[in-house]
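> Return atomic coordinates for the entry below.
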Amino acid sequence: MGTTQLETVPEPKYWHLRTVLSEALDSEFSVGEILPNERDLAARFGVARATLRQALEQLELEGRLQRRRGVGTTVAPPRMGVSVGTARHAWPGGPNDAWQAHDCALEVPPAAVAETLVTGRDEPVHVVRRSRVSRGQPVAAELLYIPAGSVPDLTAIDAPSGTARARAVLRELQRLELERQENAVELGSARADDAKELDRLPGAPVLVVTTRFLSRGRTAALSVATYRADTCRLTFGDSGGVEIHHGPERHAS
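Numbering: from 1, shown residues only. Reported below is the predicted structural model:
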């Protein structure tokens, strides 16, 4: 691998380096490959390590790179498109659902969730914990709140706890007629539990997508999904649920 010296350019040096590095990622590295260390990269491009770090941080924000604890800096896969359309879709747990259910428990939800579900402040609801993986890496974690009134025929005998309980709750939810779903998206910071599940540091940027599933004029279920902001991008429209984009587009929306 040859040495490339950066000439004097009118734009900030770190930004020009970011462009050069981006081209190198396309031509010399594959998804998941670990980059050389900062010392070697700085020597190759003839820049100070501080300038290199600025360029690497910019590429991480754009979703081109990922910094993984205990691994180093790797080339990121294409960002996952998070649809925020308002078309009628399907209940969670359907045949084309990419989420994986892990657990289910009866818990008293946060006050804001209870208000949305129109349940009593101390009334427990079913909380289904799910996750989503892309290319072997966790990209999203979800808490799905379902009031007992949405699954009245659920029994504890068939599936008392764990994954089986989660699947039973989701299966019973399918019996309702889904009128529509409403999405809201906001930027946030990863809490300690989310960060651990998503293999990120606490405080890392995340996208929080809240989805209300409505049936018979009321909120039958509420999803709070936390996506890694470095691997996901928003898509707008009524095309459907979350899709994985494997095309050449790599820039941040």
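> Show me the shaky parts of the stretch 101-250 of the chain.
Scanning the stretch 101-250 of the chain for pLDDT under 70 picks out 156-159, 236-250.
> mind listing the strands for it?
Remark: strands assigned in the stretch 101-250 of the chain by DSSP state E, counting those that start in this stretch are 125-134, 137-146, 180-189, 205-215, 218-228, 232-235, 243-244.
> Mean confidence (pLDDT) on the top helix by length along the chain, please.
Using DSSP state H to define each element, the chain has its longest helix at helix 13-28. For helix 13-28, mean pLDDT is 91.
> For that helix, enumerate the helices and strands it packs against.
For helix 13-28, the packing partners by 3 or more CB pairs under 8 Å, 6 or more residues apart in numbering; DSSP states H and E come out as helix 38-45, helix 49-61. All C-beta spots, glycine's among them, are computed from the backbone N, C-alpha and C.
> Tell me the first helix or strand C-terminal of the longest one.
What it means is helix 49-61. Of the helices and strands lying after helix 49-61 in sequence (DSSP states H and E), the nearest is strand 65-68.
> which residues touch L41?
Taking CB atoms under 8 Å, 6 or more residues apart in numbering as the contact definition, L41 lies against L35, L52.
> next one: L176
Contacts for L176 (CB under 8 Å, 6+ apart) come out as W91, S150, S215, R216, A220.
> what do you get if the cut-off is 10 Å, keeping everything else the same?
Counting by CB atoms under 10 Å, 6 or more residues apart in numbering, L176 touches W91, S150, V151, F213, L214, S215, R216, A220, A221.
> are any of those buried, and which?
W91, S150, V151, F213, L214, S215, A220, A221 (16 or more other CB atoms under 10 Å).
> S150 is in contact with R218, isn't it?
Yes. Counting by CB atoms under 10 Å, R218 is a contact partner of S150 at 8.8 Å.
> Could you tell me which residues touch both of the two?
By CB under 10 Å, 6+ apart, S150 and R218 have these common neighbours: L117.
> Can you check what angle separates the longest helix of the chain from helix 49-61?
Orientation check (axes from the mean of the first three to the mean of the last three CA atoms, to 10 degrees): helix 13-28 against helix 49-61 gives 60 degrees.
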